[in-house]
Each structure stands twice: as C-alpha cells, then as structure tokens.
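# Give the three-dimensional model of this entry:
(one chain, ligands or ions: 1)
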Amino acid sequence: MNDASQQSFLDLFSPAPGVHQAPPPTPHHGAAQPGVVFERSPRAHRYRLTLRRDGTAVATIPLRGSVREAEKFVAQHAEWLERARERQRRRPRAAEIWVVGTRVLWRGALEEIRVAVAGDKPQVCLAADVFRVRALEGDLRPTLEAHFARRAKVELPARTWELSALTGVGVTQVTVRNQRSRWGSCTAGGTISLNWRLVQTPDFVRDYIIYHELMHLREMNHSARFWARVEEVCPGWREAERWLKRNGSLVGL
Ligand SMILES: [Zn+2]
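The predicted structure is shown next:
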C-alpha cells in the first residue's frame with residue numbers, strides 16, 4: 001500500500017485537513033466484506049480488486065468513486081476473489097526451516113537436501129552441487145543461502161557480461177544483492193543489480209531478468225517499445241514471467 005493513496009483515503013473522513021494531527025493510518029475494512037481493505041487512489045480510473053501475497057484483498061476506489069460503489073464492485077467479484085484465494089492456497093510455499101530431506105529450489109528444480117559423504121567435514125548436496133555445512137543438525141537454511149549468494153556473485157555477473165556482449169548493450173557494473181522484493185534493477189549510469197536468488201531459478205528465467213535489465217538501459221520504462229526490445233532478444237519472456245509468478249514464493253519473494 002503506498003502512503004499517498006492511504007493518506008488521500010483518510011482525507012476523505014478528516015474534517016478540515018491540516019488543523020489536527022492525522023490519526024495513524026488504518027486501512028478501512030468494509031463491514032460487508034471481511035478481509036477486504038479499501039484504498040482510495042487518485043490515479044486509478046476505475047474500481048479494482050486485487051489479492052496480495054499476504055492474503056489481503058484490496059479494493060481500489062478511483063478518484064471520484066465511493067466506498068458504497070466499491071463494496072458493490074467487490075460483491076460482484078466475490079466469486080473471482082474466492083477462486084484467487086483458492087489458487088493462493090494451492091501455491092507451493094518455501095519451507096521456513098531447511099533440514100536434511102527438505103526440498104529446496106535449486107537451479108530451477110525442487111531438490112532434496114541430502115547428506116554427502118566425504119571426509120570428516122559435514123556436507124550436504126543438492127543435485128550435483130556439494131556444500132559444506134557446520135553441522136547436519138539444526139536449520140541449514142542460513143548456511144545454504146550464504147553458499148547460494150556466493151555462487152551468485154560469481155555466476156550472475158559473468159552471465160550478464162556475456163549477454164551484454166551478445167546484445168551489444170554496454171554495462172558499466174554488475175552488483176549482486178539481497179533484494180527482498182525484486183529480481184533486478186538498473187541505473188541510467190549502466191549499473192545492473194541482480195538478486196542472488198536468481199541462481200535458484202531455471203536458466204531461462206535468470207537470462208530473462210538479465211535481458212530485461214539490459215533492455216532498460218535502452219528504454220528506461222515499460223512502454224511497448226521496451227517490450228518489443230525484450231521480445232527481440234528473449235522471445236520466451238512470457239513463459240519466464242509466468243514461472244516467476246507461479247514459483248516466486250518458493251524462494252521467498
Ligand atoms: Zn522492468
């Protein structure tokens with residue numbers, strides 16, 4: 001929820017704006033629709049209903065709309081909301097704690113964490129990759145994720161330079177970061193930042209994100225021209241987007 005839309009929603013109910021301290025922002029819950037939050041957006045042109053990843057349904061009220069109309073809109077789309085909630089319930093979620101036997105997304109597949117026998121140091125493997133761990137007991141997730149991030153710092157810049165050369169789009173710097181809510185970003189100065197979790201995704205998804213950022217260096221927007229450029233270098237981008245939508249929750253995004 002962005003602060004601007006919430007503020008404008010509160011303004012609707014605040015007498016004489018500016019003369020008193022605004023109350024702490026609290027979403028308005030429709031009495032008739034439990035679990036639905038109403039948000040006024042000055043930029044919205046029509047009523048909209050969305051389901052957030054945390055399970056909150058958000059009804060957007062356009063500039064000249066009313067809560068009453070929004071409630072009607074939500075009631076009309078109750079069936080859609082129920083189906084969306086059902087889809088969300090079925091979507092696989094990442095295990096919170098990783099132990100031997102947990103299935104973890106690694107290089108695009110769900111791989112079981114297995115004990116690897118080698119020497120006297122405890123090790124586990126995911127498919128063909130072997131990782132040293134401090135102990136086989138306890139939560140393996142922090143250790144394994146640190147391994148993943150280290151691999152990402154080597155592999156993702158290398159792949160980005162390859163695709164930069166292939167597309168002829170110049171890049172000045174590639175950074176690999178721990179981003180909580182995005183897969184990649186870039187600056188006008190030619191720096192591309194990538195989420196280390198891309199090493200967990202299939203190669204075609206990782207490549208799509210890199211192509212996406214490369215094309216932003218040509219078109220800093222999501223215009224039709226931008227998508228035409230993406231299509232040209234990465235015709236499978238729609239499938240990659242679908243994969244991310246379906247499986248993003250497996251890597252905690
Ligand atoms: Zn983009």
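# This structure: helices as residue ranges?
3-13, 67-76, 78-90, 141-167, 203-216, 224-233, 237-247 (DSSP state H).
# roughly how far is stretch 89-99 from the heart of the chain?
Centre-to-centre, stretch 89-99 and its host chain are 16 Å apart (Cα atoms, centre = their mean, to the nearest Å).
# ok, now stretch 58-68?
26 Å.
# And that stretch, end to end?
Start to finish, the residues bounding stretch 58-68 are 15 Å apart (Cα to Cα, to the nearest Å).
# So which bits of it are buried?
Residues 58-62, 65, 67 are the ones in stretch 58-68 that count as buried (16 or more other Cβ atoms under 10 Å). Backbone N, C-alpha and C define where each C-beta goes, glycine included.
# So which of the helices of the chain is nearest Arg43?
Within the helices of the chain, the stretch nearest Arg43 is helix 3-13; the backing value is 8.0 Å (Cβ to Cβ).
# quick one: average pLDDT of stretch 189-202?
The pLDDT scores in stretch 189-202 average 96.
# What are the buried residues along that stretch?
Buried-residue list, stretch 189-202, by 16+ other Cβ under 10 Å: 192-202.
# I'd like the distance between the closest residue in space to Gly55 that isn't next to it in sequence and Leu51.
Distances taken as Cβ to Cβ, 6 or more residues apart in numbering place Gln88 nearest to Gly55, at 6.8 Å, with adjacent residues excluded. Distance, Gln88 to Leu51, by Cβ to Cβ, to the nearest Å: 6 Å.
# higher neighbour count, these two?
Taking other Cβ atoms under 10 Å, Gln88 and Leu51 do not tie; Leu51 has more neighbours (18 against 15).
# Surely the more buried one and Glu86 touch.
No: counting by Cβ atoms under 8 Å, Leu51 does not reach Glu86; the two are 10.5 Å apart.
# ok, back up a step: just name the most buried of the helices of the chain.
helix 203-216 (a mean of 22; mean count of other Cβ atoms under 10 Å).
# Now do stretch 84-96: everything it contacts.
Here stretch 84-96 makes contact (Cβ atoms under 8 Å, 6 or more residues apart in numbering) with 51, 53, 55, 57, 102-105, 141, 246-247, 249-252.
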